[in-house]
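Novice: Need a 3D model of the following:
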Amino acid sequence: MEHAMRKAWIALLCLLLAPAFAHGVPTPRYHYFDSAGVPIRYLDVGQGDPVLLLHGNGGSLQDWVRIGFVRNLSRNFRVIAADARGNGESGKPHDARDYGRQLSLDVLRLMDHLGIAKADVVGYSMGAQTAAHLMVIAPARMAAVVLGGAPGRYYWTAKNIREVDRHAAQRQRDCVSRGMLNALRPVGAPPLSDAAFKRRQAACFANREMDRFALAALSRGQATQMMTRAQACAVRVPTLGVVGQLDAYLPYFRQLEGCRRNMKLVVIPRAYHASAFRSPEFLAVTRAFLLRHRFPVSR
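Specialist: Predicted structure coming up:
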């Protein structure tokens with residue numbers, strides 16, 4: 001009986017670990033480091049040029065694991081994915097001053113913690129806003145950047161700041177913001193129904209990783225990642241923009257592409273904000289772009 005149970009446990013363990021070890025990819029292990037007093041969770045897997053993955057608002061590094069980015073890219077690169085402060089298993093301060101620019105500085109602090117002088121960065125949505133900001137404040141540390149689903153806050157005005165203040169109030173009250181959810185729906189789609197909103201609200205309240213006061217502070221702090229159009233257009237870091245055809249951010253990507261010679265834009269047909277992230281095209285074009293922009297790093 002004991003031998004049979006041991007065999008069963010071994011079989012179960014092999015089944016659970018098989019995907020992680022496929023193609024020589026090691027099992028991700030999670031670490032923490034202190035970023036100016038805020039604990040940040042990250043994983044570090046694979047070898048080669050370092051690639052940092054920055055997730056979207058209200059998400060976590062597990063988003064990259066689920067869609068296959070970590071497993072796929074770690075065949076050729078050293079992949080580092082982190083939970084942004086206020087999200088996932090990282091620290092969740094409630095002061096808006098601890099967000100915005102601090103999200104960008106967390107990335108630089110993580111690179112310093114790991115002894116990485118220069119890296120590729122792949123961001124989606126909020127993560128792309130951070131990546132775009134990094135190209136302005138620390139371009140020498142960015143080898144190549146993928147902006148998925150968001151082009152950087154170069155177009156923001158006082159109106160945008162008022163909008164995120166409203167979103168913050170909604171998140172603090174309801175855990176999710178109806179305004180944010182509607183803004184990310186496919187262009188031309190009807191607003192989110194009351195029933196769908198209540199489901200999203202219930203899921204947020206039930207998720208132990210969601211802290212509505214931290215999420216509200218995160219929204220309020222976004223303005224400190226703003227940049228001017230001139231700053232965004234002056235960036236010389238090789239850039240790939242990836243956006244869904246039905247994403248409201250598409251016009252802003254078009255504008256950025258028009259003023260940046262070093263930027264390539266890929267529009268995913270029939271995709272909107274969330275579906276473009278999950279699409280095989282996003283992974284395929286990102287992988288091809290990073291392989292074309294290999295750079296020498298000291299190991």
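Novice: Which residue ranges of the stretch 151-299 of the chain form helices?
Specialist: 158-174, 178-183, 194-206, 212-220, 229-234, 250-259, 273-278, 280-292 (DSSP state H, counting those that start in this stretch).
Novice: ok, the residue nearest to residue 153 when sequence neighbours are not counted - how many residues close by?
Specialist: Leaving aside its sequence neighbours, residue 153 sits nearest to residue 226 (C-beta to C-beta, 6 or more residues apart in numbering; 4.7 Å). Heads up, the C-betas are built off the backbone N, CA and C, glycines and all. Applying other C-beta atoms under 10 Å, we find 20 other residues in the vicinity of residue 226.
Novice: What of the one 4 residues further on?
Specialist: The burial count assigned to residue 230 is 9, neighbours taken as other C-beta under 10 Å.
Novice: Could you state which residue of the chain sits nearest its centroid?
Specialist: By C-alpha atoms, centre = their mean, the chain has its centre lying nearest to residue 55, at 1.9 Å.
Novice: who touches it in this structure?
Specialist: 61, 63-64, 81, 83-84, 87-88, 124-127 (C-beta atoms under 8 Å, 6 or more residues apart in numbering).
Novice: hmm, try it at 6 Å
Specialist: Going by C-beta atoms under 6 Å, 6 or more residues apart in numbering, residue 55 touches 63, 127.
Novice: Tell me where the stretch 151-299 of the chain is predicted with low confidence.
Specialist: Residues of the stretch 151-299 of the chain meeting the criterion pLDDT under 70: 296-299.
Novice: Ok, the stretch 1-150 of the chain next?
Specialist: Applying pLDDT under 70 to the stretch 1-150 of the chain flags the ranges 1-27.
Novice: Strands along that one, start to end?
Specialist: 30-35, 38-45, 50-54, 78-82, 119-124, 142-148 (DSSP state E, counting those that start in this stretch).
Novice: could these be laid out in TSV, adding mean neighbour count and distance to residue 155?
Specialist: Converted to TSV, the strands of the stretch 1-150 of the chain look like this (neighbours: other C-beta atoms under 10 Å; distance: least, C-beta to C-beta, whole Å):
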stretch	mean neighbour count	distance to residue 155
strand 30-35	15	28
strand 38-45	19	29
strand 50-54	26	20
strand 78-82	27	27
strand 119-124	28	17
strand 142-148	25	14
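Novice: So what's the residue count around the closest residue to residue 100 other than its chain neighbours?
Specialist: Excluding its sequence neighbours, the residue lying closest to residue 100 (C-beta to C-beta, 6+ apart) is residue 224, at 3.3 Å. Neighbourhood size, residue 224 [other C-beta under 10 Å]: 16.
Novice: now do the one 5 residues further on
Specialist: Taking other C-beta under 10 Å as the criterion, the count of residues near residue 229 is 13.
Novice: ditto for residue 260
Specialist: Residue 260 has 19 nearby residues by other C-beta under 10 Å.
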